[in-house]
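Visitor: give the three-dimensional model of this entry:
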Amino acid sequence: MMAAASELRISYCKTFIHADVLGEDQKQARLPRSASSPDLGHFADLAEDVHTQDLNTQTYVGDLLEKAKGLLHEQSNISSERKEAKPVRAGLGIGGLGETAPLTAMNRGSRGHPFLCRRPCVHILCSGSCSNGDACSYCHFPHEARSKLDSRQRAMSEAMPKAQLLSVVRELLEKQAAAIAGDVQWEILNVLKEEMDDAEHSATDASNSEDSDLQASCSLIP
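Guide: Numbering: from 1, shown residues only. Have a look, this model is predicted:
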């Protein structure tokens with residue numbers, strides 16, 4: 001395809017348009033498609049933005065690390081203060097009352113430890129000290145993990161005749177009483193014996209295996 005001017009020839013090939021100029025010697029000189037250079041100012045601005053963003057990210061991460069170090073230092077100080085606030089432990093000379101206990105542990109809830117006291121004080125378990133002091137109604141002495149009856153054993157104890165249940169309880173109390181006071185007879189054991197005698201008339205015997213199973217489970221309960 002020829003243009004209006006004879007010196008300029010325009011051709012199209014494979015989606016490209018070429019403009020050719022014919023000289024006096026009938027030689028073709030191809031005009032460049034583009035003589036302009038790309039604008040590098042945009043790339044410089046983009047590189048500066050990326051560099052600024054990197055600096056901001058590094059500053060943010062550095063601040064986070066400093067805050068984390070501060071939190072760890074505060075947690076370490078709190079742990080040290082809690083250790084220093086724990087009451088001094090001292091050995092007890094009374095057998096059966098545990099190996100060690102706080103010096104101020106003989107509060108109202110600790111009387112009769114370990115069998116007749118209240119359940120352990122949660123403040124002593126968590127922080128080693130109790131702000132209620134001697135007025136606390138829970139035990140300040142160390143306790144072993146309590147064992148509980150499972151659903152089958154609870155159902156068996158509920159279905160057990162009264163006389164047989166009292167017999168199991170009395171046997172356990174006798175063992176604990178012997179561990180605390182030796183051969184001293186406790187009045188509560190006599191009361192249980194009388195209750196057993198009164199209930200024997202309407203009692204029915206359970207199997208020996210169930211009786212032994214319940215005794216073994218109850219023996220683990222302090």
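
Visitor: let me see the domain layout of the chain.
Guide: Following the assignment in automatic domain parsing, the chain carries domains at 89-135, 151-218.

Visitor: name the helix or strand of the protein that has the lowest mean pLDDT.
Guide: The helix or strand of the chain with the lowest confidence, counting by mean pLDDT, DSSP states H and E, is strand 89-91 at a mean of 38.

Visitor: check which helix or strand covers H113.
Guide: Assigned by DSSP states H and E, H113 belongs to neither a helix nor a strand.

Visitor: the closest residue to it other than its chain neighbours - how many residues pack around it?
Guide: Among residues not flanking H113 along the chain, F141 sits closest, at 4.5 Å (CB to CB, 6 or more residues apart in numbering). Where you see a C-beta, it was placed from the backbone N, CA and C, and this is true even at glycine. Look at F141: counted by other CB atoms under 10 Å, it has 22 neighbours.

Visitor: over to H18?
Guide: H18: 13 neighbours (other CB under 10 Å).

Visitor: chain neighbours aside, what residue packs nearest to it?
Guide: Per CB to CB, 6+ apart, closest to H18 is S11, 4.8 Å.

Visitor: wasn't I10 part of a helix?
Guide: No - according to DSSP: H, G, I helix; E, B strand; the rest coil, the state of I10 is strand, so it is not within a helix.

Visitor: these two touch, right, it and A19?
Guide: Yes - applying CB atoms under 8 Å, one finds I10 in contact with A19, separated by 5.4 Å.

Visitor: SS state for the residue nearest to H113?
Guide: coil.

Visitor: give me the distance between it and T15.
Guide: As defined by CB to CB, to the nearest Å, F141 lies at a distance of 94 Å from T15.

Visitor: also L71?
Guide: Separation of L71 from T15 (CB to CB) stands at 64 Å.

Visitor: L192 too?
Guide: Distance from L192 to T15, by CB to CB: 108 Å.

Visitor: the more surrounded of these two?
Guide: Neighbour count, other CB under 10 Å: between L192 and T15, L192 has more, with 18 against 5.

Visitor: so who does the more buried one touch?
Guide: L166, V169, R170, L173 (CB atoms under 8 Å, 6 or more residues apart in numbering).

Visitor: could you dump those residues to TSV with distance to F115, neighbour count and pLDDT?
Guide: Putting the contacts of L192 into TSV (distance: CB to CB, whole Å; neighbours: other CB atoms under 10 Å; pLDDT from 0 to 100) gives the following:
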residue	distance to F115	neighbour count	pLDDT
L166	18	22	81
V169	13	15	80
R170	14	18	79
L173	9	15	77
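
Visitor: the residues you listed in helices, which ones?
Guide: Secondary structure defined by DSSP state H assigns L166, V169, R170, L173 of the contacts of L192 to helices.

Visitor: same list, those residues, but as JSON lines with distance to E187 please.
Guide: Below are those laid out as JSON lines (distance: CB to CB, whole Å):
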{"residue": "L166", "distance to E187": "15"}
{"residue": "V169", "distance to E187": "15"}
{"residue": "R170", "distance to E187": "13"}
{"residue": "L173", "distance to E187": "12"}
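
Visitor: of those, closest to A135?
Guide: L173 (29.3 Å; CB to CB).

Visitor: not counting sequence-adjacent ones, nearest residue to that closest one?
Guide: Spatial nearest neighbour of L173, chain neighbours left out: L189 (6.2 Å); criterion: CB to CB, 6+ apart.
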